[in-house]
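Participant: Here is the input, now give the coordinates:
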Amino acid sequence: MSNLSNNVKITKVIATTGAGTTTLTGTVDMSGYDGVVFIGSMGTADATNGAKAGGGAASNGSDASDYKGSKVLSDGTGKSFVLDIYRPTDRYVTVSQIRAASTTSDGVWAIQYKGNFGPVSNTVASTQASNLVADPVLGTA
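Facilitator: Numbers count the residues shown, from 1 in each chain. Coordinates of the predicted model:
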C-alpha cells in the first residue's frame, strides 16, 4: 500500500513542557532512513525561539554537533517550526528546541522518511495509537 503513514516513522521526541528558557532536546536513530522532518510548536511567538539540529554517534544525543544552516527561528509572530534534515551523515540526529524567551513547548514530532524496508507501524504501546483508513465511506467513525 502506498500511503504516507505506512511509509514513514512518526515519533514524539520532545514532550509538552511548561514555561521555561532551557533548550529541550530529542534524538532519533536514522538507521534505514534518508531523512527526518521535525515539526514543533511553542506557546509564545518570539524572534529568539526556534529549533536547530545536529548529529553524532551517541544514542542520547550527548555528543551532537550542530548542522550548519539548520537553525530556524520564529519571525516574532510564528509559534511553530518545520525543520527537514535530509541525508544526515550521522546515525543519530538530535533536534534542539530553543526557548530563549520564556515559553511552553507544545512538543516536537519527528517524521522519518525514505526508509529502506517495508511498511512501518506507528502504534507504540502506552504512547501513541495510529489508524489507517483506506477507501473511506461515509458513516459513523
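Participant: What's opposite the closest residue to residue 59 other than its chain neighbours in the beta bridge?
Facilitator: Sequence neighbours aside, residue 92 is the residue nearest to residue 59 in space, at 5.7 Å (criterion: CB to CB, 6 or more residues apart in numbering). In this view, the C-beta of every residue, glycine as well, is placed from N, C-alpha and C. Counting by DSSP bridges, residue 92 is bridged to residue 29, residue 56.
Participant: I'd assumed residue 56 was in contact with residue 92.
Facilitator: Yes: Residue 92 lies in contact with residue 56 (CB atoms under 8 Å); the separation is 5.7 Å.
Participant: Overlap in contacts, these two.
Facilitator: residue 64 (CB atoms under 8 Å, 6 or more residues apart in numbering).
Participant: Which one's more surrounded, the two?
Facilitator: Neighbour comparison, residue 92 and residue 56: the larger count goes to residue 92, with 21 against 17 (by other CB atoms under 10 Å).
Participant: for this structure, what spans make up the strands?
Facilitator: For the chain, the strands defined by DSSP state E occupy 9-14, 17-20, 24-29, 35-42, 49-56, 65-66, 72-73, 80-86, 92-99, 103-113.
Participant: Contacts made by the fifth one with the rest, please.
Facilitator: Okay, so that is strand 49-56. 38, 40, 42, 61-67, 70-74, 81, 83, 85, 88-101, 103, 108.
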